[in-house]
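*Asks:* Turn this into a structure:
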Amino acid sequence: MAYLSDDELLDTEGGFTGWDAGAEETLEQALAEERLAELENELEQDEHPIDYEAELEDGEEEAAPVSEKRLKRELRAEAIRRLEEAARTEKDFRAVVEEWNKLDRNRERRERDHENLRGDVPLEYQAVPEPKLIPRWMNNPTYRQMMAGNFLDILFDCPYEMHNLTADAFVSRMVEELSEEHKEVLYFLSLRLYSTTRLAAMRGQSDRNIRKLRKTIHKKLQRQMYDHLCGKQEHGGSLTLRERQFLEEYSKIARKQGKDAVIRRENKFKRRKKKNRP
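*Replies:* Presented below is the predicted three-dimensional model:
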């Protein structure tokens, strides 16, 4: 292991070698702006406290065709839509922008309450672009999360506990009910992002066998998710944009392939056209 010499580590004028005073001032300014924004959000929360739990629907309300909380959200969305359509002057448009800014602030505050290692300074401000004394891997979010005592994501980072990584009860149960072999293949291909060739070499199987297993797992999970979302939609439950896109795409494939329908994501890029050699 190579160490820095005394001449490389220290100089006679500026202390540590490569210390950039301008970068430190930029960091301090960004940190001050961040803390000022947090202070404003805290003051707004103190003056107008928001009960996040009260805005969420429980299981009965979500399954019911009509929900008071759902109606309130729809009324707010309709009010903003009418405000946008009625805007004519600069003052009206400023009012519309302020309404959207208010929604963004509420969303950011809601997300900030669930961020890991947020603290007073975001992770990107504490990371060193080109470290000399502290290794780069110590700025890794996983390592910083572990050092802060948040071990749940690390403990559940395995094929047999990965169902605990999601807060969706249906998705968690669906993954938990997979066989051990399917859990291992799904874990290494979807979470660890192994290639089928690498996983085949690790498991002592052929690449074709791994790809066949992946297709079987995707077909099983996608069918269960499709049935779950169809039932949720029939009972008047709201779907996200991603869920609606999945239903539309899966329905088109199911009409052609039937029970063997599966959305394949293996080929992300189009094949290159072969050039005709003279």
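
*Asks:* quick one: low-confidence parts of the stretch 151-278 of the chain?
*Replies:* Regions of the stretch 151-278 of the chain meeting the criterion pLDDT under 70 cover residues 265-278.

*Asks:* For it, just list every one of the helices.
*Replies:* 152-155, 169-176, 180-186, 196-203, 207-234, 241-257 (DSSP state H, counting those that start in this stretch).

*Asks:* Reformat these as JSON lines; add distance to I263 and mean neighbour count.
*Replies:* Using the backbone N, CA and C atoms, a C-beta is placed for each residue, glycine as well. Shown next, in JSON lines, are the helices of the stretch 151-278 of the chain (distance: least, CB to CB, whole Å; neighbours: other CB atoms under 10 Å):
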{"stretch": "helix 152-155", "distance to I263": "27", "mean neighbour count": "12"}
{"stretch": "helix 169-176", "distance to I263": "16", "mean neighbour count": "14"}
{"stretch": "helix 180-186", "distance to I263": "15", "mean neighbour count": "17"}
{"stretch": "helix 196-203", "distance to I263": "17", "mean neighbour count": "16"}
{"stretch": "helix 207-234", "distance to I263": "6", "mean neighbour count": "16"}
{"stretch": "helix 241-257", "distance to I263": "6", "mean neighbour count": "12"}
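
*Asks:* Arrange these in a markdown table, one row each, with distance to A79 as further columns.
*Replies:* Below are the helices of the stretch 151-278 of the chain laid out as a markdown table (distance: least, CB to CB, whole Å):
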| stretch | distance to A79 |
| --- | --- |
| helix 152-155 | 39 |
| helix 169-176 | 32 |
| helix 180-186 | 44 |
| helix 196-203 | 51 |
| helix 207-234 | 26 |
| helix 241-257 | 21 |
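
*Asks:* just so I know, which of those helices lies nearest K69?
*Replies:* With respect to K69, and counting by CB to CB, the nearest of the helices of the stretch 151-278 of the chain is helix 207-234 at 16.5 Å.

*Asks:* Kindly spell out which helices and strands sit in contact with that closest one.
*Replies:* On a contact count with 3 or more CB pairs under 8 Å, 6 or more residues apart in numbering; DSSP states H and E, helix 207-234 meets helix 169-176, helix 180-186, helix 196-203, helix 241-257.

*Asks:* circling back to that earlier point, nearest to D104, of the helices of the stretch 151-278 of the chain?
*Replies:* helix 241-257 (17.8 Å).

*Asks:* That closest one to helix 207-234, inter-axis angle?
*Replies:* Counting by axes from the mean of the first three to the mean of the last three CA atoms, to 10 degrees, helix 241-257 points 110 degrees away from the direction of helix 207-234.

*Asks:* hmm, back to that, what would the helices and strands packed on helix 207-234 look like in JSON lines with distance to N209?
*Replies:* Output for the helices and strands packed on helix 207-234, formatted as JSON lines (distance: least, CB to CB, whole Å):
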{"stretch": "helix 169-176", "distance to N209": "21"}
{"stretch": "helix 180-186", "distance to N209": "10"}
{"stretch": "helix 196-203", "distance to N209": "7"}
{"stretch": "helix 241-257", "distance to N209": "22"}
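
*Asks:* Figure out which of those is closest to P159.
*Replies:* helix 180-186 (4.4 Å).

*Asks:* just checking, what packs against that closest one?
*Replies:* Using 3+ CB pairs under 8 Å, 6+ apart: helix 180-186 touches helix 207-234.

*Asks:* And L75, its phi and psi?
*Replies:* phi -70, psi -40 (degrees, to the nearest 10).

*Asks:* All further residue positions should be reported with the first residue as 750.
*Replies:* Yep, numbering from 750; the last one is L824 now.

*Asks:* Select, out of the helices of the stretch 900-1027 of the chain, the one closest to V815.
*Replies:* helix 956-983 (14.6 Å).

*Asks:* now the angle from the closest one to helix 945-952?
*Replies:* 110 degrees.

*Asks:* how big is the angle separating helix 956-983 from helix 918-925?
*Replies:* Using the same axes, to 10 degrees: helix 956-983 against helix 918-925 is 160 degrees.

*Asks:* what's the offset of helix 956-983 from the middle of its chain?
*Replies:* Here helix 956-983 shows a centroid-to-chain-centroid distance of 21 Å under the convention CA atoms, centre = their mean, to the nearest Å.

*Asks:* What of stretch 810-824?
*Replies:* With CA atoms, centre = their mean as the basis, the mean position of stretch 810-824 lies at 26 Å from the chain mean.
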